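Undergrad: give me the fold of what follows.
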Amino acid sequence: MAQKKAPEIIEENIIKTEYSDVMQKSYIDYAMSVIIARALPDVRDGLKPVQRRTLYDMYELNNRYDRPHLKSARIVGDTMGKYHPHGDSSIYDCLVVMSQDFKKGMALVDGHGNFGSIEGDGAAAMRYTEARLRKIAQEEMLSDLDKDVVDFVPNYDETDKEPVVLPCRFPNLLVNGSEGIAVGMATNMPPHNLGEVIDAEVAYMKNNMITTEELLKIMPGPDFPTGGIVTNQDELKEIYETGTGKIKIRGKIELEVAKGGKPSLVITEIPYTMIGANISKFMLDIVSLIDTRKTTDIVDISNQSSKEGIRIVIELKKDADVENVRNMLLKKTRLEDTFGVNMLAISDGRPEVLGLKAIISHHVNFMRELETRKYKTLLTRELDKKEIQEGLIKAVDVIDVIIEILRGSKDIKTAKACLTGGITEGIKFKSRISEKIASQLRFSDRQASAILEMRLYKLIGLEMDALIAEHDKTLKDIKEFKEILTKPEKMDSVIIKGLEAVKKEYSRPRRTAIENAEDVVFEEKKTEEMEVVFLMDRFGYAKTVDTATYERNRDAADAEFTTSFKCLNTGRICIFTNTGVMHSVKVSDLPFGKFRDKGIPIDNVSNYNSSEERIIYVLPMGDLVLQKLMFGTKNGMFKQVYGSEFDVIKRTVAATGLADQDEVISVFPVTEQKYVVLQTEFDVFLKFELDEIPLKKKGAIGVRAIKLTGNDHVSNVYYLFEEDDTSVKVGSREVLLSRLKAARRDTKGSKLRG
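TA: You can find the predicted model right below:
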């Protein structure tokens, strides 16, 4: 009987480590992955990985500028399947942005269909749109990939290869700019004018000691696709030296006067930061200035923008102060804004903030590396060609012997051995002279292969002349390529020539003006102080009207609005909520107008959140500071607070302290009231003198006013004068509160039955 084999004993190999160390390493690995492989551009080609992979995939798909567009979904799917397995939305978003000439200084993708608009409209779904490479991307970023100019690495599943960087022939990082958020760092680089950037790069190549100040004389600053005006020219030198800073930009405003003399301010260029939803926000900001009576000179505003460009028309009154309105637009809206510059890019495999000169230097070094690798490849090809050409020319002189070798050989191997080594064994020759000549043949292996593959028509005289001419050209090219590779000045001359060719074909005039503009001074017209009536309905919509309008519509106002009181238009409104906070609202922020106007939600002009809070009491700040306020909560905690404690500038302050699971149910100004009556959910009543509630600070919780039993809580609070006929209904019974017997605070009270 066979003996059973004893089971193998596997030794335990438990590695003990600190959890914090594992987390730290994992987070650093994740952060570096995001920084290097996702969010930041490479200084050499100015592209993030997703952009590089998308462009390379389009090139591989033959999605060229001179061929029909391909469906965006096809491009996105192919890119995701081969090179970028991080979801289709990031790839399509990248494709869309690279096609938007209002975002990029030089768009790299030619989009066909709805690829979004400058006003923030999103692109259509990828199944509806089509795209292809633009000529500049195809010819200046992808054209030399077959010449071993850049390294290729395996893709994510090692089934294909992708370029580490694209052979970009112009400083794309400066031309198109970049924006991205990594882990713990972000990049935000403005776009620049292609022609100016190339001129700056050429100037650096001719004099690498050139200063940033001298470069800025050639390339004065950013050139935003939306135009506009950069207003802090003197600060640009420091920004471009350090790679960080703030560029101040403002829109372009033109004055147009209609036939009747009515002026209009027309915005024809906007700050780059206003692209997208900020245009509509700009319009709303102007409407808000009108509603809050910051200006009375604006009659109407309309957005007449089209494919031809931006045109926002602001119609003014005939006697309007045009300059003041213009200054107000620049001061109170995003028509004047700042672009935060942070020129962060991947340099030599690590993130680095770079100045203008450093970026140009990196790209020039990259161009020299590209040209060196390119001309080494071309030189190798020309040397191989020269070898074959020389072999064919030499073969023509002994063509008869070669034909005898071919006819007398039993196979190709024998014939090739004779051509390369002069081995004549096994070959039948017509004469000993031919055999002797054959024995002296010493063609190289490559030459022998070319001779064996040569067609007979190559022996025609004209073909031979062409071969000799081609050989002369090859020798000339070899000499030229060797000069380029051995003489740095020759190499730079080739690069400069290429840069100037790019500039000649693709450059366009500058769109953004660069100047030193004075800061805008806007003096707000002082609001004439007047008494108005605040009105708010049960839905939280608030407005103000003049007192005469209110008096004419008093009955309707009392029926429609839950809150109404008189206040000054220069004052503030205080809103107390069940969460124990007070929100302050400027009266001037509320719309002032006709009685039938709807008003605006109080949420829009305060920190009040109607979905999480409930308004308990509203009163004007002027009345509040002269009074004491009584606070009461559902758990029976009460206190008095001087109103002056709430006279603060903050929009939101804590009005009272609250215990867990408690909320404010009553806020009321104390005047000449004598008694407080508490009613609970279970119809327990307690009446006591108001003076029993002490004065406290606004942060205090207060004192207990009633002893509650079980799940009972205070539901209503009544404040009574000495002679008061207030009554409440308990069941079917009407109870006159003044007849209730007064007790002491912090007792149980009496239950009333209906």
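Undergrad: so where do the helices sit in the stretch 401-550 of the chain?
TA: According to DSSP state H, counting those that start in this stretch, the stretch 401-550 of the chain carries its helices in the segments 412-421, 432-439, 445-453, 461-486, 488-506, 547-552.
Undergrad: what's the most buried one of the ones you listed?
TA: Highest mean neighbour count of the helices of the stretch 401-550 of the chain: helix 412-421, a mean of 18 (counted as mean count of other C-beta atoms under 10 Å). In this view, the C-beta of every residue, glycine as well, is placed from N, C-alpha and C.
Undergrad: now it - C-alpha only, PDB.
TA: Coordinates of each C-alpha in helix 412-421 appear next as PDB, following Å, rounded to 0.1, in the frame of the first residue of the first chain:
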ATOM      1  CA  ILE A 412      19.500  32.400 -54.000                       C
ATOM      2  CA  LYS A 413      21.800  31.400 -51.100                       C
ATOM      3  CA  THR A 414      24.500  30.400 -53.600                       C
ATOM      4  CA  ALA A 415      24.100  33.600 -55.600                       C
ATOM      5  CA  LYS A 416      24.300  35.800 -52.600                       C
ATOM      6  CA  ALA A 417      27.400  34.000 -51.300                       C
ATOM      7  CA  CYS A 418      29.100  34.800 -54.600                       C
ATOM      8  CA  LEU A 419      28.100  38.400 -54.500                       C
ATOM      9  CA  THR A 420      29.200  39.000 -51.000                       C
ATOM     10  CA  GLY A 421      32.300  36.700 -50.700                       C
END
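Undergrad: burial count for residue 206?
TA: 10 (other C-beta atoms under 10 Å).
Undergrad: tell me who's in contact with it.
TA: residue 496 (C-beta atoms under 8 Å, 6 or more residues apart in numbering).
Undergrad: I'd like the helices of the stretch 401-550 of the chain as a markdown table, with mean pLDDT appended.
TA: Output for those, formatted as a markdown table (pLDDT from 0 to 100):
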| stretch | mean pLDDT |
| --- | --- |
| helix 412-421 | 87 |
| helix 432-439 | 84 |
| helix 445-453 | 85 |
| helix 461-486 | 87 |
| helix 488-506 | 95 |
| helix 547-552 | 90 |
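Undergrad: ok, which of these comes nearest residue 72?
TA: Nearest to residue 72, of all the helices of the stretch 401-550 of the chain, is helix 488-506, at 24.1 Å by C-beta to C-beta.
Undergrad: centre of the chain to the closest one, how far?
TA: Distance of helix 488-506 from its chain centroid, counting by C-alpha atoms, centre = their mean, to the nearest Å, is 34 Å.
Undergrad: CA atoms only: put that helix into PDB for me.
TA: The C-alpha coordinates for helix 488-506 follow below in PDB (Å, rounded to 0.1, in the frame of the first residue of the first chain):
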ATOM      1  CA  PRO A 488      25.400  73.700 -32.700                       C
ATOM      2  CA  GLU A 489      24.900  77.000 -34.700                       C
ATOM      3  CA  LYS A 490      23.700  75.000 -37.700                       C
ATOM      4  CA  MET A 491      21.300  73.000 -35.500                       C
ATOM      5  CA  ASP A 492      19.900  76.300 -34.000                       C
ATOM      6  CA  SER A 493      19.600  77.700 -37.500                       C
ATOM      7  CA  VAL A 494      17.400  74.700 -38.500                       C
ATOM      8  CA  ILE A 495      15.200  75.100 -35.400                       C
ATOM      9  CA  ILE A 496      14.800  78.900 -35.900                       C
ATOM     10  CA  LYS A 497      13.900  78.300 -39.600                       C
ATOM     11  CA  GLY A 498      11.200  75.800 -38.400                       C
ATOM     12  CA  LEU A 499       9.900  78.200 -35.800                       C
ATOM     13  CA  GLU A 500       9.600  81.000 -38.300                       C
ATOM     14  CA  ALA A 501       7.700  78.800 -40.700                       C
ATOM     15  CA  VAL A 502       5.200  78.000 -37.900                       C
ATOM     16  CA  LYS A 503       4.800  81.700 -37.200                       C
ATOM     17  CA  LYS A 504       4.400  82.600 -40.900                       C
ATOM     18  CA  GLU A 505       1.600  80.000 -41.300                       C
ATOM     19  CA  TYR A 506      -0.400  80.200 -38.000                       C
END
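Undergrad: and the angle for that helix with helix 461-486?
TA: 110 degrees (axes from the mean of the first three to the mean of the last three C-alpha atoms, to 10 degrees).
Undergrad: helix 488-506 packs against which elements?
TA: helix 135-141, helix 194-206, helix 356-397, helix 461-486 (3 or more C-beta pairs under 8 Å, 6 or more residues apart in numbering; DSSP states H and E).
Undergrad: what's that helix in contact with?
TA: Residues outside helix 488-506 that contact it (C-beta under 8 Å, 6+ apart): 106, 136, 140, 169-170, 194-195, 198-199, 201-202, 205-206, 364, 367-368, 371-372, 483-485.
Undergrad: in TSV: the helices of the stretch 401-550 of the chain, plus distance to residue 731.
TA: Below are the helices of the stretch 401-550 of the chain laid out as TSV (distance: least, C-beta to C-beta, whole Å):
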stretch	distance to residue 731
helix 412-421	118
helix 432-439	131
helix 445-453	113
helix 461-486	105
helix 488-506	87
helix 547-552	39
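Undergrad: any buried residues in stretch 111-124, and which?
TA: Residues of stretch 111-124 classed as buried: 111, 113, 115-119, 123 (neighbour count, 16 or more other C-beta atoms under 10 Å).
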